[in-house]
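Chemist: This is the structure alone, sequence omitted:
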């Protein structure tokens, strides 16, 4: 039995491949045929996913055995025959060619040709260029952080004020200070009534 697969891409609108392969071949044989007709180099890992009618991924068949935390088993391409998985037309699959980028071709088993066999897979239709195999990661420029140092405020010399405060504290804060000891003779003129202060006419600032 010959299986005829149609492949399209969601990245390149005019890309289309058609591959015919014997039903007794393995998924690894199909993997090699897709890589060759797409112009891709061999990758460390690729995978087929069996899909439902809405392209929901179900069972994975990988190029190499994967260690996963999932309860779902992952099968290896070289050990799985196409006819063991595909038994009716219009079955859908995905072929993930860029595993790290999760980029894939959408595949459909378009026809099953009974009573015929193929010794080797062949590409019977090749339209458009395949998308690039791997997307280069964008180089992100490092952000340089400039540390801004706040200017040191100018220090005001308060020594003179401190000396004045200290002198006042020494004088007025002295426990031995007695206000009765002040010389009253030195302040006697301050008790004179304003009308007894003699301000000459030449000293009047409002004149």
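Modeler: Arrived safely, thanks for sending. Model, not experiment: these values are computed from the prediction.

Chemist: quick one: residue 108 and residue 6 touch, right?
Modeler: Yes. In terms of CB atoms under 8 Å, residue 108 counts as a neighbour of residue 6; the distance is 5.2 Å. Every C-beta, even on glycine, is put in place using the N, C-alpha and C of the backbone.

Chemist: after the helix or strand hosting residue 19 comes which helix or strand?
Modeler: Assigned by DSSP states H and E, residue 19 belongs to strand 16-22. The C-terminal neighbour of strand 16-22 among helices and strands, as given by DSSP H and E, is helix 27-38.

Chemist: The helix or strand following that following helix - what's its average pLDDT?
Modeler: On the C-terminal side of helix 27-38, the closest following helix or strand by DSSP H and E is strand 47-51. Here strand 47-51 scores 96 as its mean pLDDT.

Chemist: now strand 47-51 against helix 27-38, angle please.
Modeler: Interaxial angle of strand 47-51 relative to helix 27-38 (axes from the mean of the first three to the mean of the last three CA atoms, to 10 degrees): 110 degrees.

Chemist: partners of strand 47-51 in the sheet?
Modeler: Under the criterion DSSP bridges, strand 47-51 sits next to strand 57-62 (antiparallel), strand 92-98 (antiparallel) in its sheet.

Chemist: right, so those strands: which one is the most enclosed?
Modeler: Ranked by mean neighbour count, those are led by strand 92-98 with a mean of 21 (mean count of other CB atoms under 10 Å).

Chemist: I'd say residue 126 and residue 17 touch.
Modeler: Yes. If you go by CB under 8 Å, residue 126 and residue 17 touch, sitting 6.0 Å apart.

Chemist: Among these two, which residue is more densely surrounded?
Modeler: For residue 126 versus residue 17, neighbours defined as other CB atoms under 10 Å are more numerous around residue 17 (22 against 15).

Chemist: And the pLDDT for the nearest residue to the more buried one once chain neighbours are set aside?
Modeler: Counting by CB to CB, 6 or more residues apart in numbering, residue 7 is the residue found nearest to residue 17 once chain neighbours are left out, at 4.3 Å. Here, the pLDDT recorded for residue 7 equals 97.

Chemist: Show residues contacting the strand or helix carrying residue 7.
Modeler: Following DSSP H and E, one finds residue 7 within strand 2-9. Identification of contacts with strand 2-9 by CB atoms under 8 Å, 6 or more residues apart in numbering yields 15-23, 30, 34, 82, 86, 95, 105-113, 116-118, 124, 130-131.
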